[in-house]
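Student: coords below, sequence missing:
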């Protein structure tokens, strides 16, 4: 590894089939490092979001085996993910669901709100089908379990970059078995989240910019879908099922 002019770092890394490739990195305002030179037209540029440094090192090692994929930035929070996405504009983003600030689903929504074509892969240890359903509804293109990342990550990155959707087979089976359970809509999830924060129907309506009667209708639907007695019970059920997180 050697320092180049301008403070960048040139690092020889192992590429596909053991090929050495020279990659140049430079510091960014979001605290990560990213490729600034030696890119090829067909390179898939990847942003990784996870709050476990050792896992990020593992991701880097897996990606380094593929000559057509380059890790351009790693960050450990949802807010940093949005900042770095704006700066690096990756082709594919890897997103953990458990982050120290906003959760991964919120981060996916935030990124997709600004960048509707963002391709995001959820990379998580959670097999709960409701979390997968929420992530996919928020705009994730794929849902991959961390236990399988060393074998499947490169292939899933390539598939998602080509516009395909991928879901881990175990999670896909769970989704197929429960898809008829009438999961909550994104609006219902927004209402339930505000209810969990202690908001009344009126304050929820004001926050979302909708009518109070509309909120009441959403609450009624939420109670029916969750089999809950009241608002408090709905929050309890949602937490138990993984639909909400504290």
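Tutor: Happy to help now that I have it. Please read all numbers here as calculations on a predicted model, not as lab measurements.
Student: For the longest helix seen in the chain, name the packing helices and strands.
Tutor: Ranked by residue count, the top helix of the chain under DSSP state H comes out as helix 212-226. Packing contacts for helix 212-226, counted by 3 or more Cβ pairs under 8 Å, 6 or more residues apart in numbering; DSSP states H and E, involve helix 186-196, helix 201-208, helix 231-241. C-beta: built from backbone N, CA, C; applies to glycine.
Student: Check those helices for me and report the most buried one.
Tutor: Neighbour counts (mean count of other Cβ atoms under 10 Å) averaged over each of these peak at helix 186-196, with a mean of 19.
Student: any chance of the helices and strands packed on helix 212-226 in a markdown table, plus distance to residue 134 and mean pLDDT?
Tutor: Converted to a markdown table, the helices and strands packed on helix 212-226 look like this (distance: least, Cβ to Cβ, whole Å; pLDDT from 0 to 100):
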| stretch | distance to residue 134 | mean pLDDT |
| --- | --- | --- |
| helix 186-196 | 7 | 92 |
| helix 201-208 | 18 | 95 |
| helix 231-241 | 11 | 80 |
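Student: what about residue 112, neighbour count?
Tutor: 16 (other Cβ atoms under 10 Å).
Student: how does the chain divide into domains?
Tutor: 40-178, 184-241 (automatic domain parsing).
Student: pretty sure residue 84 is touching residue 76, no?
Tutor: No - the criterion here is Cβ atoms under 8 Å, and residue 84 misses it with residue 76 at 10.6 Å.
Student: Looking at these two, which has the bigger crowd around it?
Tutor: More crowded of residue 84 and residue 76, by other Cβ under 10 Å: residue 84, with 25 against 19.
Student: Can you say which helix or strand has the more buried one in it?
Tutor: Taking DSSP states H and E as the definition, residue 84 sits inside helix 78-88.
Student: Mind checking what helix or strand follows that helix in sequence?
Tutor: strand 92-95.
Student: Run through who's touching that next one.
Tutor: 44-50, 59, 81, 85, 104, 107-108, 111, 118-123, 140, 153, 157, 160-161 (Cβ atoms under 8 Å, 6 or more residues apart in numbering).
Student: before we move on, the earlier item: avg pLDDT for the helix holding residue 84?
Tutor: Mean pLDDT, helix 78-88: 94.
Student: Stretch 97-104: how far from the chain's middle?
Tutor: On the basis of Cα atoms, centre = their mean, to the nearest Å, stretch 97-104 sits 9 Å off its chain's mean C-alpha point.
Student: And it, what's buried?
Tutor: For stretch 97-104, burial by neighbour count (16 or more other Cβ atoms under 10 Å) applies to 97, 99, 102, 103, 104.
Student: circling back: same list (the helices and strands packed on helix 212-226) but as a markdown table, adding distance to residue 221.
Tutor: As requested, the helices and strands packed on helix 212-226 are exported to a markdown table (distance: least, Cβ to Cβ, whole Å):
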| stretch | distance to residue 221 |
| --- | --- |
| helix 186-196 | 6 |
| helix 201-208 | 13 |
| helix 231-241 | 10 |
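Student: out of these, nearest to residue 218?
Tutor: Closest approach to residue 218 among the helices and strands packed on helix 212-226 (Cβ to Cβ): helix 186-196, 4.4 Å.
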